[in-house]
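Colleague: no FASTA, just this:
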């Protein structure tokens, strides 16, 4: 099975070269870098690869390169160092204020990975901060954050296009957004118990402040489940993220992870994510764990949800999503003002030159959706792979 045949894994040839370089021993880095540079015009770098440039800088810095491409990569690294330093400084003030208010906080995603698995804080870019709080403390949390200058930026329409998820997005004059969650991965299982994320959480002392982090097992599940979801901006940084967790956590409780996958209906995303990492990066995942993931029963509703979140959205969902993002980008504009802005906003986001091109694009997309119903290609792919032995072939 090739990487493109693993449901939820969509990696281009250029991205594959970049990821191989990041995982390669030092002796192979130069040849892989030259191969990647020859195949990938830097100005046409996709967003997912761009996010890995700080990590690439760390990898190629010992090569003493002096070409223009390297200088750009170094510049991205330095900018990321500045931005992450600013975000982490802001995060510490947030944690201090919430701790003073008696609110227990869990740090998620990029910030948690930097604090635990990336000694160089410039290597892992962040655009926002994700926090988990207990639902009983949500109103108190929002009051504290409002006092710090954060406000809800009105993302409700956008959230509706993805199904409602238990989070609120805040922004202010801090240079970063803040996502406050009170449950996780409910898109895969709306019945997820929010208490379960806290049950095995780790407590870390961060410069004198107690903060909670996901357990290693939950961290792997969370990263895989987000990583295999379709995104217009291809998310490939989950791959080095999970590899980093696995390398730093040799004592992961695999039976616990398997049990949680079954309980939280995360078998499919975790199975596909770990299978890809095992096949292409020889990740330290025991083969019997993958075999047991293939043996776990998966309901039809789980397959349908997995298909939905690992496939490109349909026409109507895309339009609703763009309207929600327009709402997010112009939070202070009236509904009528946003409606007037929307055609131009849609033209810009679609990459079209003229409004005529944009209208033609929309009509073509609408016609394709009407004439060709969405198929469950990925669901069929999941059903075809019934065992780990078959996957290994």
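Modeller: Perfect, I can see it now. What you are looking at is a predicted structure, and each value in this text was computed from that prediction instead of being measured.
Colleague: Strand partners (parallel or antiparallel) of the helix or strand containing residue 179?
Modeller: Here residue 179 is covered by strand 177-181, with elements defined by DSSP states H and E. Based on DSSP bridges, the pairing partners of strand 177-181 within the sheet are strand 128-133 (parallel), strand 167-171 (antiparallel).
Colleague: Starting from that strand, tell me the next helix or strand along the chain.
Modeller: helix 195-199.
Colleague: That next one packs against which elements?
Modeller: With contacts defined as 3 or more C-beta pairs under 8 Å, 6 or more residues apart in numbering; DSSP states H and E, the secondary structure elements packing on helix 195-199 are helix 254-264. Bear in mind the C-beta positions are built from the backbone N, C-alpha and C, glycine included.
Colleague: Could you list every helix and strand in contact with the helix it packs on?
Modeller: If contacts are counted by 3+ C-beta pairs under 8 Å, 6+ apart, helix 254-264 sits against helix 195-199, helix 216-227, helix 267-281, helix 287-295.
Colleague: hmm, try it at 7 Å
Modeller: The contact analysis (3 or more C-beta pairs under 7 Å, 6 or more residues apart in numbering; DSSP states H and E) places helix 254-264 against helix 216-227, helix 287-295.
Colleague: before we move on, back to that, weakest of the strands paired with strand 177-181 in terms of mean pLDDT?
Modeller: Note on those: strand 167-171 shows the lowest mean pLDDT, a mean of 87.
Colleague: tell me how far that strand is from the chain's mean position?
Modeller: 16 Å (C-alpha atoms, centre = their mean, to the nearest Å).
Colleague: neighbouring contacts of it?
Modeller: Under the contact criterion C-beta atoms under 7 Å, 6 or more residues apart in numbering, strand 167-171 has outside partners 145, 150, 151, 152, 153, 155, 177, 178, 179, 180, 181.
Colleague: Can you name the two of those residues that sit furthest apart?
Modeller: For the contacts of strand 167-171, the farthest-apart pair by C-beta to C-beta is 151 and 181; their separation is 17.5 Å.
Colleague: The two: who's more crowded?
Modeller: In this view residue 151 and residue 181 are compared by other C-beta atoms under 10 Å, and residue 181 has more residues nearby, 21 against 12.
Colleague: Could you find the closest non-adjacent residue to the more buried one?
Modeller: Among residues not flanking residue 181 along the chain, residue 167 sits closest, at 4.4 Å (C-beta to C-beta, 6 or more residues apart in numbering).
Colleague: ok, and for the longest helix belonging to the chain, which residues are buried?
Modeller: Looking only at the chain and at elements set by DSSP state H, the helix with the highest residue count is helix 68-100. If you call a residue buried by 16 or more other C-beta atoms under 10 Å, then helix 68-100 has these buried ones: 69-70, 73-74, 76-77, 80-81, 83-84, 87-88, 90-91, 94-95, 97-99.
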